[in-house]
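Asker: Sequence and predicted structure below; questions after.
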Protein chains: 2
Amino acid sequence: MSDMSTHADAPRSPGRPRSVRADEAIIEATLDLLAEGSTIEALSIEAIATRAGVGKATIYRRWSGKDALLLDALRRLKGIQPQPGGHSVRDDLVLLVGAVGQNIDPRAARIMPCLVPEVNRSPDHFQLYQNIVEPRRKVMREVLRRGVASGELRADLDIEVAMALLTGPMLIQRMLRWHPELDDRLLPERIVDGILDGIRAR
Amino acid sequence: MSDMSTHADAPRSPGRPRSVRADEAIIEATLDLLAEGSTIEALSIEAIATRAGVGKATIYRRWSGKDALLLDALRRLKGIQPQPGGHSVRDDLVLLVGAVGQNIDPRAARIMPCLVPEVNRSPDHFQLYQNIVEPRRKVMREVLRRGVASGELRADLDIEVAMALLTGPMLIQRMLRWHPELDDRLLPERIVDGILDGIRAR
């Protein structure tokens, strides 16, 4: 296999540079292998290189190792997180809850659930999962803090618990299709309003 | 392999009757094969029979087919659902939320998450998942209805959404270890109180 990652002395194709195409091929190969049922444990740089049609050196030039590559590949599944507008805490939460469990790549449905038992058996891989989730939690945390500061949310709010309340219902519905009678399109608003107002009679 | 399921004309062992031991062995074999990574699709009555040390006829005498056996086996993972005391809606919800994602069998951590993408690809298997979840939802639904009837909960409560609010946060924490800084022991109370009272400032 030819090494596709050096484009300094190679003629540029009319489209994207060779190194970008190689990176894409490596990410795609990683996601394909995972979607086909490979465990993280079994996944090797060698298998990825073969599948991508590149040399192992090309992968190591761009990523320090398997975990760094996996982090990039798994983040790719989730796409770009929406950015809250910063006007209404309620609207920002509806936006963020609407993005929970939303994957731009159909392979995610095969990869993400099976990854969970594996990452939970290994401290290293558990960190990998947290590295994917934490940037998303951070954006929601900032919205909640803003709400507390502005007086829209309770002063004594436990922000970490509130994030679980907002994220959990949407995630089980998108990931597990937990309840077939819930309407996924209406659910982000229903969740946010339910959690803002509470269910106790007043 | 000898057929272990007929005990009418066989001498009873000092312990449990043979048919019960055979049922146990069949359920155990099913769960072992799933925990070792077998997909539902690939799982065969033949493989289960071989692993359990019984004849296929023994399995078919007790279960109509693979789906019926799977339902029993997967229910086994979850153990018996706690029964609400019926005095306080809040306490009953804390009890039920505390049981969400709680499995009595360690194989569940390997089996349940990987099952999800598979059941979601097949209408038949999706029904299997719903057959496991719905009896648990039913108990929670009754507590919420009682709360509405007694005036403890809002008269306009959307009960199906409320169940997702209560179940989701605990399930992602138990299944995904979603947030390592949340204390799982305190979480059922935090979730129920958070959802009862809401997070909006008053």
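Answerer: Great, that's in hand. Numbers count the residues shown, from 1 in each chain, chains lettered A, B, ... in the order given.

Asker: Pick out the residue closest to the middle of chain A.
Answerer: Centroid-nearest residue in chain A: residue A:78, 4.0 Å away (criterion: Cα atoms, centre = their mean).

Asker: surely it meets residue A:108?
Answerer: Yes - between residue A:78 and residue A:108 there is a contact under Cβ atoms under 8 Å: 7.3 Å. No exception for glycine: its C-beta is placed from N, CA and C like everyone else's.

Asker: circling back to that earlier point, which residues touch the residue nearest to the centre of chain A?
Answerer: Counting by Cβ atoms under 8 Å, 6 or more residues apart in numbering or on different chains, residue A:78 makes contact with A:102-104, A:108, A:132, A:136.

Asker: tell me which of those residues is nearest to chain B?
Answerer: residue A:108 (9.2 Å; Cβ to the nearest Cβ).

Asker: neighbours around that closest one, how many?
Answerer: The number of residues packed near residue A:108 is 24, by other Cβ atoms under 10 Å in any protein chain shown.

Asker: Quick one: residues contacting it.
Answerer: By Cβ under 8 Å, 6+ apart, the contact set of residue A:108 is A:77-78.

Asker: repeat that for 10 Å
Answerer: Applying Cβ atoms under 10 Å, 6 or more residues apart in numbering or on different chains to residue A:108 gives the contacts A:31, A:34-35, A:74, A:76-79, A:101-102, A:115, A:174-175, B:117.

Asker: Would you mind giving me the confidence score for it?
Answerer: The model reports residue A:108 with a pLDDT of 87.

Asker: Check residue A:21 too.
Answerer: On the pLDDT scale, residue A:21 gets 89.

Asker: where does it sit relative to residue A:105, distance-wise?
Answerer: 18 Å (Cβ to Cβ, to the nearest Å).

Asker: Which residue ranges make up each domain of chain A?
Answerer: For chain A, automatic domain parsing gives the domain ranges A:18-74, A:81-197.

Asker: could I get the ones you listed as a markdown table with distance to residue B:190?
Answerer: As requested, these are arranged in a markdown table below (distance: least, Cβ to Cβ, whole Å):
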| stretch | distance to residue B:190 |
| --- | --- |
| domain A:18-74 | 29 |
| domain A:81-197 | 5 |
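
Asker: does any bit of the longest helix along chain A sit next to chain B?
Answerer: The helix that spans the most residues within chain A, counting by DSSP state H, is helix A:123-150. Yes - Helix A:123-150 reaches chain B (Cβ under 10 Å from any Cβ of the partner chain) through A:126-127, A:129-130, A:133-134, A:137, A:144, A:147-148, A:150.

Asker: relative to helix A:123-150, how tilted is the lowest-mean-pLDDT helix or strand in chain A?
Answerer: Across the helices and strands of chain A, mean pLDDT, DSSP states H and E gives its lowest value to helix A:108-121, namely a mean of 78. Per axes from the mean of the first three to the mean of the last three Cα atoms, to 10 degrees, the angle that helix A:108-121 makes with helix A:123-150 is 100 degrees.

Asker: Tell me which residues of helix A:108-121 come out buried.
Answerer: By 16 or more other Cβ atoms under 10 Å in any protein chain shown, the buried positions in helix A:108-121 come out as A:108-120.

Asker: which residues are contacting stretch A:54-67?
Answerer: By Cβ under 10 Å, 6+ apart, stretch A:54-67 touches A:1-6, A:19, A:21-23, A:25-27, A:29-30, A:40-41, A:43-46, A:48-50, A:52, A:68-73, A:124-125, A:127-128, A:131.

Asker: Quick one: mean pLDDT over that stretch.
Answerer: pLDDT averaged over stretch A:54-67 gives 95.

Asker: Also stretch A:132-151?
Answerer: 95.

Asker: cool, and stretch A:28-40?
Answerer: For stretch A:28-40, the mean per-residue pLDDT is 92.

Asker: Buried residues in that stretch, which are they?
Answerer: Neighbour-count burial for stretch A:28-40, counted by 16+ other Cβ under 10 Å, picks out A:28-35, A:38, A:40.

Asker: helix, strand or coil for residue A:106?
Answerer: Put simply, residue A:106 is coil when judged by DSSP: H, G, I helix; E, B strand; the rest coil.

Asker: residue contacts, it?
Answerer: When the contact criterion is Cβ under 10 Å, 6+ apart, the partners of residue A:106 are A:35, A:77.

Asker: List phi and psi for it.
Answerer: Dihedral pair for residue A:106: phi -60, psi -20, per degrees, to the nearest 10.

Asker: quick one: it from residue A:176, how far?
Answerer: 17 Å.

Asker: A strand includes residue A:183, no?
Answerer: No - using three-state DSSP, the secondary structure at residue A:183 is coil, not a strand.

Asker: ok, it touching residue A:190?
Answerer: Yes - the pair residue A:183 / residue A:190 is scored as a contact, 8.4 Å apart, by Cβ atoms under 10 Å.

Asker: which residues are in contact with both of those two?
Answerer: Joint contacts of residue A:183 and residue A:190 (Cβ under 10 Å, 6+ apart) are B:160-161.

Asker: who's more crowded, these two?
Answerer: Counted by other Cβ under 10 Å, residue A:183 and residue A:190 do not tie: residue A:190 has more neighbours, with 21 against 10.

Asker: show me the contacts for that one.
Answerer: A:94, A:97, A:169-170, A:182-183, B:158, B:160-162, B:164-165 are the contacts of residue A:190 under Cβ under 10 Å, 6+ apart.

Asker: now those residues: which count as buried?
Answerer: The neighbour count (16+ other Cβ under 10 Å) marks A:94, A:97, A:169-170, A:182, B:158, B:161-162, B:164-165 as buried among the contacts of residue A:190.

Asker: of all those residues, which comes closest to residue B:89?
Answerer: Using Cβ to Cβ, residue B:162 comes nearest to residue B:89 of those, at 11.2 Å.

Asker: Can I take it that the closest one is in a helix?
Answerer: Yes - according to three-state DSSP, residue B:162 belongs to a helix.
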